[in-house]
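Chemist: here is my input, please return the structure:
(one chain, ligands or ions: 1)
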Amino acid sequence: MPTNSIASIATSLPPIELVSWLNAEGSLTAMLEEKAGQPLRVERTFEGYRLLTLQQKQQLGLQGSALNRPLLAWIREVQLYGNDERPWVGAQSIFPLSSLKGNARRLQQLKGTPIGYVLFKRRRTVPNQRFVRQTSEGWQRQTRYDWYGRLLLISETFLPAFLSSDT
Ligand SMILES: C=C(O[C@@H]1C=C(C(=O)O)C=C[C@H]1O)C(=O)O
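Modeler: Residues are numbered from 1 along each chain as shown. Next up, the predicted model:
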């Protein structure tokens, strides 16, 4: 096998120290707090309603004519800090309006509370489908959660500071 194809395979795989994080079930908040040895700090960079892009609708698993209809969702974008002055994870959460019914409405009033405190309050894991990809900011896991019948899409990108953290 020519060496350049080995190099191309190597760049398409995440670093070994990230694999367990990219594939982990359960709350990432809980895992990050254990690694940091302190509560997670959540800095919100955006929270509000947005019309979803075609790619976001596809990532939510929509198909057929649903992809052509405008879909409004509540979007939350945050940076998660462990015990470093640089963020460890950048996260975007997409809540279709149909998912924000009943006790899920509190997902719009989280402020600095990590979503994980709500999502995993009563259960260690939540049914989900997981996708992993490399982005320009870092390796990203995308999780489509079925939380009590409500669809949520949460993307978490592991930033350079996470990899260089010595805890
Ligand atoms: C979904 C979880 O919550 C974390 C907290 C987030 C937030 O507060 O916006 C976003 C993504 C997660 O990393 C989790 O703990 O797994």
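Chemist: so who does residue 167 touch?
Modeler: 35-37, 82-83 (Cβ atoms under 8 Å, 6 or more residues apart in numbering). Glycine gets a C-beta too; all of them are placed from N, C-alpha and C.
Chemist: ok, it to residue 54 distance?
Modeler: 40 Å (Cβ to Cβ, to the nearest Å).
Chemist: residue 154 contacts residue 142, correct?
Modeler: Yes. Under the criterion of Cβ atoms under 8 Å, residue 154 makes contact with residue 142 at 7.5 Å.
Chemist: sec struct for the residue nearest to residue 148 when sequence neighbours are not counted, please.
Modeler: Leaving out its chain neighbours, the residue that sits closest to residue 148 by Cβ to Cβ, 6 or more residues apart in numbering is residue 104, at 7.6 Å. Three-state assignment for residue 104 (DSSP: H, G, I helix; E, B strand; the rest coil): helix.
Chemist: contacting residues for residue 104?
Modeler: 95, 147-148, 150.
Chemist: does stretch 24-38 reach the ligand?
Modeler: Yes. For stretch 24-38, a contact with the ligand is found by Cβ under 6 Å from any ligand atom, at 27-29.
Chemist: and the residue of the chain found nearest the ligand, what element?
Modeler: Closest to the ligand within the chain is residue 116: 2.0 Å, counting by Cβ to the nearest ligand atom. For residue 116, the host element (DSSP states H and E) is helix 115-119.
Chemist: what helices or strands is that helix leaning on?
Modeler: helix 28-36 (3 or more Cβ pairs under 8 Å, 6 or more residues apart in numbering; DSSP states H and E).
Chemist: elements contacting the helix it packs on?
Modeler: helix 115-119.
Chemist: go again using 10 Å as the cut-off
Modeler: helix 16-23, strand 72-81, strand 89-96, helix 115-119, strand 150-158 (3 or more Cβ pairs under 10 Å, 6 or more residues apart in numbering; DSSP states H and E).
Chemist: quick one: contacts of it?
Modeler: 20-21, 24, 27, 38-40, 42, 80-84, 88-89, 91, 113-120, 124, 141, 143, 154, 156, 158, 162, 165, 167 (Cβ atoms under 10 Å, 6 or more residues apart in numbering).
Chemist: make it 6 Å
Modeler: Helix 28-36 is contacted from outside by 39-40, 82-83, 114, 116, 156, 167, using Cβ atoms under 6 Å, 6 or more residues apart in numbering.
Chemist: JSON lines for the residues you listed, including distance to residue 58?
Modeler: JSON lines is the format used below for the contacts of helix 28-36 (distance: Cβ to Cβ, whole Å):
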{"residue": "39", "distance to residue 58": "35"}
{"residue": "40", "distance to residue 58": "30"}
{"residue": "82", "distance to residue 58": "32"}
{"residue": "83", "distance to residue 58": "36"}
{"residue": "114", "distance to residue 58": "27"}
{"residue": "116", "distance to residue 58": "25"}
{"residue": "156", "distance to residue 58": "19"}
{"residue": "167", "distance to residue 58": "37"}
